[in-house]
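Enquirer: predicted structure and sequence below. I'll ask about it afterward.
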Amino acid sequence: MGDGTLVDRTSPVQVVGLTGVVKADGAYRHSLALKSDGTVWAWGSDNNYGAFGNGTSGVSQVPVQTSIGANLANVALSYSLVSGVGDSDNQLFSLDANGSLRASASFDFESNASTYSIRVRGIDQYNDLVEGNFTVTLLNLNESPADLNVISPMTFAENQPIGAIIGDFNATDPDVNTTLTYHLVSGVGDGNNSLFTLDANGTLKTATTFDYE
């Protein structure tokens with residue numbers, strides 16, 4: 001039973017000295033447990049032929065560590081991008097040996113694909129390996145507008161009525177399906193803002209009557 005006795009049990013009892021168990025299994029007369037640190041422990045009476053894997057024979061009423069655990073505790077996995085099914089976009093990425101995936105190119109949501117397929121291999125020092133296909137998804141971020149300018153020279157004649165159109169502002173936004181609106185704001189160079197109005201569509205108008213003289 002692994003509880004330090006040879007007493008038959010009809011209900012579960014806790015195995016002595018085992019913590020951090022992630023998996024357990026039972027054989028004919030012995031049991032095995034894999035701990036989170038990679039070590040394997042065995043107990044029971046079916047050890048006459050070395051079933052415990054630790055170079056001993058005979059009964060053990062409490063768990064003993066097996067030599068298998070020494071190997072499992074020191075397994076080191078390394079990762080790489082490999083050729084095979086689903087590797088169509090491997091060249092756009094790099095994969096560190098510790099499993100960190102990095103972009104090898106600059107991506108733009110508005111002009112590039114939104115999903116990418118890569119194939120990854122994980123391998124240990126005993127050349128045991130696993131491979132899988134994964135999809136990398138590109139997310140869209142809101143990007144700031146740019147290239148604010150005027151469509152025509154900002155000139156107007158004197159003695160025009162209030163609301164006379166002076167010109168139009170224009171800017172570009174790299175994000176699709178966005179609407180730009182324009183506003184006069186406070187800040188450096190705003191000394192004459194009060195003399196004008198700016199429609200949301202970018203049209204600048206007079207807010208007073210101007211006389212050149």
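Expert: Everything's here; your move.
Enquirer: quick one: name whatever helix or strand follows the lowest-mean-pLDDT helix or strand in the chain.
Expert: The helix or strand of the chain with the poorest confidence is helix 67-73; it has a mean of 59 (mean pLDDT, DSSP states H and E). Proceeding C-terminally, helix 67-73 gives way to strand 78-81 as the next helix or strand, assigned by DSSP states H and E.
Enquirer: heading C-terminal from that next one, find the next helix or strand.
Expert: Strand 78-81 is succeeded, C-terminally, by strand 93-95 (DSSP H and E).
Enquirer: so residue 80 bridges to which residues?
Expert: residue 121 (DSSP bridges).
Enquirer: so residue 191 lies in a helix, does it not?
Expert: No. Counting by DSSP: H, G, I helix; E, B strand; the rest coil, residue 191 is not part of a helix but coil.
Enquirer: which residues touch it?
Expert: Listed by CB atoms under 8 Å, 6 or more residues apart in numbering, residue 191 has no contact partners. Every residue, glycine included, has its C-beta placed from N, CA and C.
Enquirer: alpha carbons of stretch 146-165, in CSV - could you do that?
Expert: Extracted C-alpha coordinates of stretch 146-165, given in CSV (Å, rounded to 0.1, in the frame of the first residue of the first chain):
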residue,chain,number,x,y,z
ALA,A,146,-0.5,61.2,-40.3
ASP,A,147,0.3,63.7,-43.1
LEU,A,148,-2.0,66.6,-41.8
ASN,A,149,-1.8,69.3,-44.5
VAL,A,150,-3.8,71.8,-46.5
ILE,A,151,-5.3,71.1,-49.9
SER,A,152,-4.8,74.6,-51.2
PRO,A,153,-3.0,77.8,-49.9
MET,A,154,-4.7,79.3,-46.9
THR,A,155,-5.5,82.7,-48.4
PHE,A,156,-8.8,84.7,-48.5
ALA,A,157,-10.0,88.2,-49.5
GLU,A,158,-10.9,90.9,-47.0
ASN,A,159,-14.4,92.0,-46.2
GLN,A,160,-15.8,88.5,-46.6
PRO,A,161,-18.9,87.7,-44.6
ILE,A,162,-18.6,85.5,-41.5
GLY,A,163,-18.5,81.8,-42.5
ALA,A,164,-16.5,82.5,-45.7
ILE,A,165,-14.6,79.3,-46.8
